[in-house]
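A.B. asks: 3D model of this:
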Amino acid sequence: MARVLIAGCGYVGSALAALLADEGHDVWAMRRTSAALPPGVRHLAADLRDPATFAALPEALDHVAYTATADAFTDDAYRAAYVDGPRNLLAALARQGQAPRVAFTSSTSVYGQADGEWVDEDSPTAPAGFGGRRMLVGERVFLEGPFPAMVLRLGGIYGPGRASLVEKVRAGEAECAPAPSWSNRIHRDDAAGALRHVLSMESPAPVYLCVDREPAELCDVYRWIAARLGVPAPRVGSTAAETVKRSRSNKRCSSARLAASGYAFRYPTFREGFGAIIGG
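C.D. replies: Below you'll find the predicted structure:
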């Protein structure tokens, strides 16, 4: 039985906490409020931005998963969540003489490729925006820190209660770009499952791309959802702003390393994942 702290225990962290608690591990959820924690998970009230709130960290932790998210899409919020928070937490753990293995949920936004290229863990990282740049600094904080560390670069997260693509298609608001636009995603349950998997591995790699097994053109996803819902297929639009926005993430991410490590995806493609959400 392991002792696990999940720092910034939100959408993905709560799913991980539920998995681990069901297996009988001692699990603490570190976040500001105790609302809606899974059964068997203990709340640890703390603010990752304030090291003074870390005095009550559980002792003898085996694993720490850092799954915090920024509370706004600003450079300051991203720095607080993905740079300052990790530094504060790792420093507190080191001061207490702890020796856990740590995992950090990063993002595929650390890649700057935008022409439909394939990328993997060894591809160059040159993010175009502040979000990817802050994530990359956060990765280095963990990988160059005092504890054995793993980084999971997550694609777009979706799942129960977070299915905006389905609602856009249902409402007739989805629009296809004139040119192909590749997208990468991961179901919440697979993000949590992959975290559990790498934390349990004897000799994990330092970095894993955490996306499903099939990058997909966004319009193909829209059309599949529309057919499943029985609504009209989305139109093709030509607004420059949408085209530019989509091109920033126009790449194909490979999860071959994660699959080769033995992780079995519950939702290997968008079809299984969105199919479970739509039902019927």
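A.B. asks: what's around residue 210, how many residues?
C.D. replies: 30 (other Cβ atoms under 10 Å). For every residue, glycine as well, the C-beta is placed using N, CA and C.
A.B. asks: can you start the count at 13 instead of 1 from here on
C.D. replies: Shifting the count to begin at 13 puts that one at residue 222.
A.B. asks: what residues are up against it?
C.D. replies: Neighbouring residues of residue 222 by Cβ atoms under 8 Å, 6 or more residues apart in numbering: 117, 164-167, 198, 202-203, 206, 267, 270.
A.B. asks: could you find the closest non-adjacent residue to it?
C.D. replies: residue 164 (4.3 Å; Cβ to Cβ, 6 or more residues apart in numbering).
A.B. asks: so what's the residue lying closest to residue 111 once chain neighbours are set aside up against?
C.D. replies: The shortest distance from residue 111 to any non-neighbouring residue, by Cβ to Cβ, 6+ apart, is to residue 159 (6.7 Å). Residues near residue 159 by Cβ under 8 Å, 6+ apart: 76, 102, 105-106, 111-114.
A.B. asks: check which helix or strand residue 159 maps to.
C.D. replies: Secondary structure assignment for residue 159, by DSSP states H and E: no helix or strand.
A.B. asks: hmm, which helix or strand of this structure has the shakiest average pLDDT?
C.D. replies: Lowest mean confidence among the helices and strands of the chain (mean pLDDT, DSSP states H and E): helix 252-259, at a mean of 45.
A.B. asks: same for the helix or strand that it is followed by, what does it pack against?
C.D. replies: Heading C-terminal from helix 252-259, the first helix or strand you meet, by DSSP H and E, is strand 264-265. Identification of packing neighbours for strand 264-265 by 3 or more Cβ pairs under 8 Å, 6 or more residues apart in numbering; DSSP states H and E yields strand 130-131.
A.B. asks: sheet-wise, list the partners of the strand it packs on with their directions.
C.D. replies: Taking DSSP bridges as the criterion, strand 130-131 sits next to strand 264-265 (parallel) in its sheet.
A.B. asks: so for the partner strand, mean pLDDT?
C.D. replies: Strand 264-265 shows a mean pLDDT of 98.
A.B. asks: how far does it sit from its chain's centre?
C.D. replies: 15 Å (Cα atoms, centre = their mean, to the nearest Å).
A.B. asks: what of stretch 58-67?
C.D. replies: How far stretch 58-67 lies from its chain's middle: 23 Å, per Cα atoms, centre = their mean.
A.B. asks: ends of it, how far apart?
C.D. replies: Distance between the two ends of stretch 58-67: 9 Å, counting by Cα to Cα, to the nearest Å.
A.B. asks: now stretch 214-221
C.D. replies: First-to-last residue span, stretch 214-221, Cα to Cα: 18 Å.
A.B. asks: which residues touch it?
C.D. replies: With contacts defined as Cβ under 8 Å, 6+ apart, stretch 214-221 is touched by 120, 131-133, 151, 155, 161-165, 167, 206, 210, 265-267, 269-270, 273.
A.B. asks: buried residues in that stretch?
C.D. replies: Within stretch 214-221, the residues scored as buried using 16 or more other Cβ atoms under 10 Å are 216, 219-221.
A.B. asks: now the residues you listed in CSV, with secondary structure, distance to residue 40 and pLDDT?
C.D. replies: Listed next are the buried residues of stretch 214-221 as CSV, based on DSSP: H, G, I helix; E, B strand; the rest coil; distance: Cβ to Cβ, whole Å; pLDDT from 0 to 100:
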residue, secondary structure, distance to residue 40, pLDDT
216, coil, 22, 97
219, strand, 26, 98
220, strand, 24, 98
221, strand, 28, 98
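A.B. asks: name the nearest of these relative to residue 192.
C.D. replies: Nearest to residue 192 among the buried residues of stretch 214-221, counting by Cβ to Cβ, is residue 221 at 20.5 Å.
A.B. asks: return the closest of the buried residues of stretch 214-221 with respect to residue 287.
C.D. replies: Of these, the one sitting nearest to residue 287 (Cβ to Cβ) turns out to be residue 221, at 23.0 Å.
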